[in-house]
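K.L.:
show me the folded form of this:
(chains A and B)
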Protein chains: 2
Amino acid sequence: MADQTVDQTALDVEALMLDMGRRARSAARPLAFADTNAKDKALLAMADAIDAAKADILAANALDMERARENGISGSFLDRLLLNEARLNGIAEGIRAIAALKDPVGETIAAWDRPNGLKIESVRTPLGVIGVIYESRPNVTADAGALCLKAGNAVILRGGTDSLHSSRAIHACLTAGLKAAGLPQDAIQLVPVADRAAVGAMLTGLDGAIDVIVPRGGKSLVARVQSEARVPVFAHLEGLCHIYVDATADIEMAKKIVVNAKMRRTGVCGAAETLLIDSAAIATHLMPLMEALTEAGCEIRASAAVLKVHPGFKPATEEDWRTEYLDAIISVAIVDGVSGAIDHIAHYSSHHTEAILSEDAKAVERFFNEVDSAILLHNASTQFADGGEFGMGAEIGIATGKMHARGPVGVEQLTSFNYRVHGTGQTRP
Amino acid sequence: MADQTVDQTALDVEALMLDMGRRARSAARPLAFADTNAKDKALLAMADAIDAAKADILAANALDMERARENGISGSFLDRLLLNEARLNGIAEGIRAIAALKDPVGETIAAWDRPNGLKIESVRTPLGVIGVIYESRPNVTADAGALCLKAGNAVILRGGTDSLHSSRAIHACLTAGLKAAGLPQDAIQLVPVADRAAVGAMLTGLDGAIDVIVPRGGKSLVARVQSEARVPVFAHLEGLCHIYVDATADIEMAKKIVVNAKMRRTGVCGAAETLLIDSAAIATHLMPLMEALTEAGCEIRASAAVLKVHPGFKPATEEDWRTEYLDAIISVAIVDGVSGAIDHIAHYSSHHTEAILSEDAKAVERFFNEVDSAILLHNASTQFADGGEFGMGAEIGIATGKMHARGPVGVEQLTSFNYRVHGTGQTRP
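P.N.:
Residues are numbered from 1 along each chain as shown, chains lettered A, B, ... in the order given. Model (predicted):
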């Protein structure tokens, strides 16, 4: 791992990044045709290596956590940075789950014959080289590395400075897995330096070496990536998720789902940030839901209409409707039925995940047809917005753009395809 | 159509474009839920309107052709600009073929259940608003407008200045079709001015109004779009297509296919530009193929190795291997079997379309697995690289990028999708 621990002071970041790009590109070619067994063997070896290196990884994470606290960093950020025995088990299991997934490369997506006798098939192919730029979550190092490998892609990982020790410790396990399976170790590279210039270099595409950039983090990171990137980007905006509670919603179910959607983990992008209550449900649903949230330790920011009925809550400002709290805070508004909910969501949503709680099939159908977000749920928690929960294995993130991938970006979303046409001498008239 | 024939001198292009963007965005909402019958009714009415307006369209095209000749424009460009009775019939039939296609919107792509009882489905949705920037081909106006409508998208069309009269005449027919079906006429807008600032405005996304840009034209246009666009782009690079003739290829089939791939229409992106001959086929295939091409009126640019065996041809320069002639010219090189062909293609191809002519299944398999282009053909002409020939109906173009769409961009490639999750009260543990 000498190349991963170079002396930063001696470093020419631009040259380092271009070299990483060249090495990723040359690793991508054999990877594209790598045997499924070899890729799975590498993945299982990575998971075992993580199990075996728990102590080292937790020690590295403790360093990162200590430094983060020194920098006075907030609750949800620390939650994302934190590793513990349970989360490490989850990371190893996530990699094993990816190994167990079907290899998408070479899969025939569709096949059809033409009247002239041409036989056409579309076949999944790797994307090539993927650049992943993320922030504090160290588990992204493992998830992204494993997913890209399973899909036959080489990957350049650029984790947050705050999680560099944790990511390095995890990356060492990934490299060990590649080695054990005889796959090129350049298939999964971690940018070894904290210098932000590395990000700028990746956004240029490293001289054509990077096929797609996956930004995995907060609004400001994604905004920078989208404005500077000279290569395609899987837009992953914030998860400003809404729950709409219809007057027909079962109140007990609603309490359970709303509290889970907001409070299960406040730091994840699928956490609900805004609660929309049907104006016809003010008497029946509003207060019970706000009480359930308050009991669960959630701060409420209420709209003027809510305060008129139930004073005493902190008033919500215009800014609240646009804020992904990633914390134990929720904004609450009253809307005019499903139409009002659809309008509010169209105006404020990041098009990530929205839920409707209702027993009215017509309202659900309208919500599903007219809300333009990646994930829509009926009578279920927004915290199911997760590749693992969708059965895709781990995910790199939840794409909020509409191009190529939308919603959880799992192994299949990390592939492209091409058309293969089998002829017998056909010429075009 | 008053708004389509404003006085350019009085025009604030930026304001005009932003207004077109707003109108497209507001047309996109109802379009996304428009009934399939309404969309198909509009398409059939458009085709009928084109049949009825042939004289006007040909007169407008004659104006464009005359101006182009005055500007001393070249053969293949004129070929792309030219409309005649047959091509107009083709345009109308293309629209009818799109009407006959299955409506992709609302189609369930996949559906599965989770152990916790959640029922998940992925459903096709429109992309939203598509900006199409193209050059001289007036038929793109009809193809792009019809395809975007079928997929539930609003579209802003910016055709080449040289084809403005032709495009306006065709666009009038599209608008008539929308009107006949009671669909918003802003669903298909044509930029009414020649001012190039209109392109720059579209590339900014028109204040978030445009979801994706489709550049449809030559290398310089696509390069500008890719470098300036602030929204996702369907990269459509040039078609620098190769044909590799293996020593095992049937010579009569090869002559037929090579001549068709190069000469059927030299102005299309699927036209072959480089012929690669297996070094083991020099004695058997090289001269017969060059003679067939010469007889067909094709100029040959030969590599040094070719000239060593058959002097007298014009020598190919390094530039020739990188040139999309779009004319009756082909470069010819000798390569070391399928490996040499794969290497040459990897180095020079635009990753659009490549063909292998061979009776060796192993060579074909290697070519298909290792050549990373959108369309690969075995024993068939590269001129089949066409959405219609693939059975997709008309196409906007052939995407050479690997994201979202690759190869022919037809109605299905102009959609996105979302996930719809049906629960019964599930919360995430």
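
K.L.:
residues in contact with whatever residue of the stretch 1-150 of chain A ends up closest to chain B?
P.N.:
Closest contact between the stretch 1-150 of chain A and chain B, by C-beta to the nearest C-beta, is at residue A:127 (5.5 Å). No exception for glycine: its C-beta is placed from N, CA and C like everyone else's. Counting by C-beta atoms under 8 Å, 6 or more residues apart in numbering or on different chains, residue A:127 makes contact with A:151, A:153, A:211-212, A:414-416, B:402-403.

K.L.:
could you do residue A:177 as well?
P.N.:
So residue A:177 contacts A:42-49 (C-beta under 8 Å, 6+ apart).

K.L.:
which one is it nearest to, not counting chain neighbours?
P.N.:
With C-beta to C-beta, 6 or more residues apart in numbering or on different chains as the criterion, residue A:177 has its nearest non-adjacent residue at 3.2 Å, and that residue is residue A:46.

K.L.:
what helix or strand is that neighbour on?
P.N.:
helix A:36-52 (DSSP states H and E).

K.L.:
buried stuff in that helix?
P.N.:
Within helix A:36-52, the residues that qualify as buried by neighbour count (16 or more other C-beta atoms under 10 Å in any protein chain shown) are A:38-50.

K.L.:
check stretch A:19-36 too.
P.N.:
Of the residues in stretch A:19-36, those buried (16+ other C-beta under 10 Å) are A:19-21, A:23-25, A:27-29, A:31-32, A:34.

K.L.:
out of those residues, which sit inside strands?
P.N.:
Applying DSSP state E to those, no entry is found in strands.

K.L.:
show me what the residue of the stretch 251-400 of chain A found nearest chain B is bridged to.
P.N.:
In the stretch 251-400 of chain A, the residue found nearest to chain B is residue A:380; the distance is 2.9 Å by C-beta to the nearest C-beta. On the basis of DSSP bridges, residue A:380 is bridged to residue B:426.

K.L.:
and the angle for the helix or strand hosting residue A:178 with helix A:36-52?
P.N.:
Using DSSP H and E, residue A:178 sits in helix A:164-180. Inter-element angle recorded for helix A:164-180 and helix A:36-52: 140 degrees (by axes from the mean of the first three to the mean of the last three C-alpha atoms, to 10 degrees).

K.L.:
and residue A:131, which of the three is it?
P.N.:
Three-state call for residue A:131 (DSSP: H, G, I helix; E, B strand; the rest coil): strand.

K.L.:
ok, what's across the strand from it?
P.N.:
For residue A:131, the beta-bridge partners under DSSP bridges are residue A:156, residue A:213.

K.L.:
what is the neighbour count of it?
P.N.:
The tally of other residues near residue A:131 (other C-beta atoms under 10 Å in any protein chain shown) stands at 31.

K.L.:
again with residue A:61
P.N.:
Look at residue A:61: counted by other C-beta under 10 Å, it has 23 neighbours.

K.L.:
and the helix or strand hosting it, which residues are buried?
P.N.:
Secondary-structure element containing residue A:61, defined by DSSP H and E: helix A:54-70. For helix A:54-70, a neighbour-count test (16+ other C-beta under 10 Å) marks A:54, A:57-58, A:60-61, A:64-65, A:67-68 as buried.

K.L.:
now stretch A:188-208
P.N.:
A:188-193, A:195, A:198-199, A:201-206.

K.L.:
hmm, back to that, pretty sure the residue of the stretch 251-400 of chain A closest to chain B contacts residue A:355?
P.N.:
Yes. Between residue A:380 and residue A:355 there is a contact under C-beta atoms under 8 Å: 6.5 Å.

K.L.:
just the angle for the longest helix seen in chain A relative to helix A:36-52, thanks.
P.N.:
Ranked by number of residues, the top helix in chain A under DSSP state H is helix A:13-32. Calculated by the same axes, to 10 degrees, helix A:13-32 forms an angle of 130 degrees with helix A:36-52.

K.L.:
packing partners for helix A:13-32?
P.N.:
strand A:119-126, strand A:129-134, strand A:154-158, strand A:188-190, helix A:197-203 (3 or more C-beta pairs under 8 Å, 6 or more residues apart in numbering or on different chains; DSSP states H and E).

K.L.:
thank you kindly, that will do.
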